[in-house]
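Participant: My questions are about this predicted structure, shown below with the sequence.
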Amino acid sequence: MTFYIYILLCADETYYTGLTSDLTRRLREHTSGKDHRAFTYSRRPVKLVWFEEIGDKETARLREKQVKNMRREKKEALAQNGKDSLEDALKSLDKGQRFKESRGNSG
């Protein structure tokens, strides 16, 4: 199974880092604001600025923890370095396709 670690830029300029096995579904959930208790609910709209694909759950959890603990500057660098591939991924999302290729920066 494939897992995705992702970073959202919120309307209030904060970053949200998450982990999911279905990035398309999770982005729709963040955007729709289904859960009023969620961190992103009052910070919409949100924008996907980076993601990374990982093949196993334990590695993905460790990477999520690592990304969550990064300083803002490092998250901004990840977002900037993954910008071109992210734009391609968003085009796929707009077409209703699932993400299949690794995107973003592993460092």
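Facilitator: Good, I have the coordinates.
Participant: in this protein, which ranges drop under the pLDDT threshold?
Facilitator: 83-107 (pLDDT under 70).
Participant: those strands in it, which residues are they?
Facilitator: In the chain, the strands defined using DSSP state E lie at 3-10, 15-20, 46-54.
Participant: what's the angle from the last one to strand 3-10?
Facilitator: Strand 46-54 runs at 160 degrees relative to strand 3-10, counting by axes from the mean of the first three to the mean of the last three C-alpha atoms, to 10 degrees.
Participant: Give the other helices and strands that strand 46-54 contacts.
Facilitator: Applying 3 or more C-beta pairs under 8 Å, 6 or more residues apart in numbering; DSSP states H and E, one finds that strand 46-54 contacts strand 3-10, helix 23-32, helix 57-68, helix 72-81, helix 83-94. Where you see a C-beta, it was placed from the backbone N, CA and C, and this is true even at glycine.
Participant: So what's the gap between the second one and the chain middle?
Facilitator: To tie it back to what came earlier, the one meant is helix 23-32. Helix 23-32 has its C-alpha centroid displaced from the chain centroid by 10 Å (C-alpha atoms, centre = their mean, to the nearest Å).
Participant: Output it as PDB, nothing but the C-alphas.
Facilitator: What follows is helix 23-32, C-alpha atoms only, in PDB (Å, rounded to 0.1, in the frame of the first residue of the first chain):
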ATOM      1  CA  LEU A  23      -4.300  11.900  -1.000                       C
ATOM      2  CA  THR A  24      -7.200  12.800  -3.400                       C
ATOM      3  CA  ARG A  25      -9.800  11.900  -0.800                       C
ATOM      4  CA  ARG A  26      -8.000  13.600   2.000                       C
ATOM      5  CA  LEU A  27      -7.600  16.900   0.100                       C
ATOM      6  CA  ARG A  28     -11.300  16.900  -0.600                       C
ATOM      7  CA  GLU A  29     -12.000  16.400   3.100                       C
ATOM      8  CA  HIS A  30      -9.700  19.300   4.000                       C
ATOM      9  CA  THR A  31     -11.300  21.500   1.300                       C
ATOM     10  CA  SER A  32     -14.900  20.700   2.200                       C
END
